[in-house]
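Visitor: just to be clear, the model below is a prediction. Sequence and coordinates:
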Amino acid sequence: MLRLTRALLDLRRNQPALGPGVIEFLDSPTEVLAYTRSRRPGTESLLITLNLIDRTVPIDQILGGRDWGRSLSTCPAASASGDSLVLAPNEGVIWRPK
């Protein structure tokens, strides 16, 4: 937990998108909260996905065909399942464009 907290604080200090700015909620399954954060419209954004249930959830549709890379995850061992990207049970991920 301490390692995750330190990683989140470090990411917030170094990512302008996580300071004051714009938040845009995305269409997603009811069990997932998904939104983007950016400093201002038209600048680089980060995607945040939160799995709110205790089973895996595919998120291909949320990623919208864009090439996102995991920047930070509450479940680092989680990975792609076959051809489909999934969120592990109760996992939160911050995604950065590749």
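Guide: Sure, I can see it.
Visitor: ok, and the closest non-adjacent residue to residue 47?
Guide: residue 95 (4.0 Å; Cβ to Cβ, 6 or more residues apart in numbering). Placement of C-beta: from N, CA and C, glycine included.
Visitor: how many other residues sit next to that neighbour?
Guide: Look at residue 95: counted by other Cβ atoms under 10 Å, it has 24 neighbours.
Visitor: check the gap between it and residue 67 for me.
Guide: Residue 95 is 10 Å from residue 67, where distance means Cβ to Cβ, to the nearest Å.
Visitor: swap in residue 11?
Guide: For residue 11 relative to residue 67 (Cβ to Cβ), the value is 20 Å.
Visitor: cool, residue 43 as well?
Guide: With Cβ to Cβ as the criterion, residue 43 and residue 67 are 18 Å apart.
Visitor: who has more neighbours, these two?
Guide: Taking neighbours as other Cβ under 10 Å, residue 43 and residue 67 compare with residue 43 leading, 11 against 8.
Visitor: mind checking which helix or strand the more buried one is in?
Guide: Following DSSP states H and E, one finds residue 43 outside all helices and strands.
Visitor: quick one, what contacts it?
Guide: 16-17 (Cβ atoms under 8 Å, 6 or more residues apart in numbering).
Visitor: distance check, it against residue 16.
Guide: Computed as Cβ to Cβ, the residue 43 to residue 16 distance reads 8 Å.
Visitor: and for residue 91?
Guide: Using Cβ to Cβ, one obtains 25 Å as the distance from residue 91 to residue 16.
Visitor: quick one, which of these two is more surrounded?
Guide: residue 91 (20 against 15).
Visitor: was I right about that one contacting residue 72?
Guide: No. Look at residue 91 against residue 72 with Cβ atoms under 8 Å: they stay out of range, at 11.0 Å.
Visitor: so what are the sheet partners of whatever helix or strand residue 96 lives in and their directions?
Guide: Assigned by DSSP H and E, residue 96 falls within strand 92-97. Paired neighbours of strand 92-97 in the sheet (DSSP bridges): strand 45-51 (antiparallel), strand 68-73 (antiparallel).
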